[in-house]
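Participant: Sequence first, predicted model second:
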Amino acid sequence: MARLRLMRTRGCRGFTLTELLVAMGVMGILAYGTSMIYFSVLNIYNRQIWRFPPYDAATAAVQRVSDELREAMLIEEHGPDYIVFLLPLKDANRENVLTLGEDGYYLTPGDRVMFYLSDETGSLEAEGNCLWKAVKHPGEYYFTPRIKIADNIHPELNPTDPDTGQPRVMFKYWPDDVRLWGVEIWMTSTAQVHGQARTQTAHSEAYLRNK
């Protein structure tokens, strides 16, 4: 019996100081590696989430404006922070309506669309940092604000134009002899992302498909 008790005592010895130090070192390395992976994933997430609305309002707005401009048949008016264009008339199947004239068929004019900066009300006379879309149907005399596209659009934060030394304008129209009826679009938005003020600039060129 004494021999059995001695064997049990020898089998239940504790860890040595060296073993404890090695175990703590391994745990420290694992904790450091885990924290590095966590913060790397968090940084990737923060960078990606900034690319989507409501944070990246500039990219969403430029995409929306570009898509509609490509369907235009004529740029009627434009300025640094607004643009007016004419869309062709569509039938029930969303196909362009053609009218027969002396020289053949031509596109039938439809809605006039304006993108412009205003305040929260969308008033055409107001100033602000909200991008709005207004529509004037055939036969109507005035534009009616339809939808607010984006908040916190700041043209004054656009990149500098090397030709003028001033911030690039939101809308710049290039006629046929320069850039094939293309419209250059620049927009910069601001937002608070995880408590930090961030800016994002988006740029695109839209070419009129129905010209």
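Facilitator: That came through, no problem.

Participant: switch to C-alpha atoms for all contacts and neighbour counts from now on
Facilitator: Fine.

Participant: okay, now the domains of this protein?
Facilitator: With domains defined by automatic domain parsing, the chain comprises 16-49, 57-207.

Participant: Assign the one residue sitting closest to the centre of the chain to helix, strand or coil.
Facilitator: The chain has T59 as the residue nearest its centroid, 1.8 Å off, counting by C-alpha atoms, centre = their mean. Assigned by DSSP: H, G, I helix; E, B strand; the rest coil, the conformation of T59 is helix.

Participant: Tell me how far V26 lies from Y32.
Facilitator: The spacing between V26 and Y32, counted by C-alpha to C-alpha, to the nearest Å, is 10 Å.

Participant: Show me the shaky parts of the protein.
Facilitator: 1-15, 17, 19, 33, 38-55, 177-180 (pLDDT under 70).

Participant: try 80
Facilitator: Applying pLDDT under 80 to the chain flags residues 1-55, 175-181, 192-197, 210-211.

Participant: which stretches of it form helices?
Facilitator: 2-11, 17-49, 57-69, 176-179 (DSSP state H).

Participant: quick one: buried residues of the third one?
Facilitator: By neighbour count on 16 or more other C-alpha atoms under 10 Å, the buried set for helix 57-69 is A57, A58, T59, A60, A61, V62, Q63, V65, S66, L69.

Participant: Run through who's touching that helix.
Facilitator: Outside helix 57-69, the residues that touch it by C-alpha atoms under 8 Å, 6 or more residues apart in numbering are 51-53, 85, 115, 131, 149-153, 185-190, 200-208.
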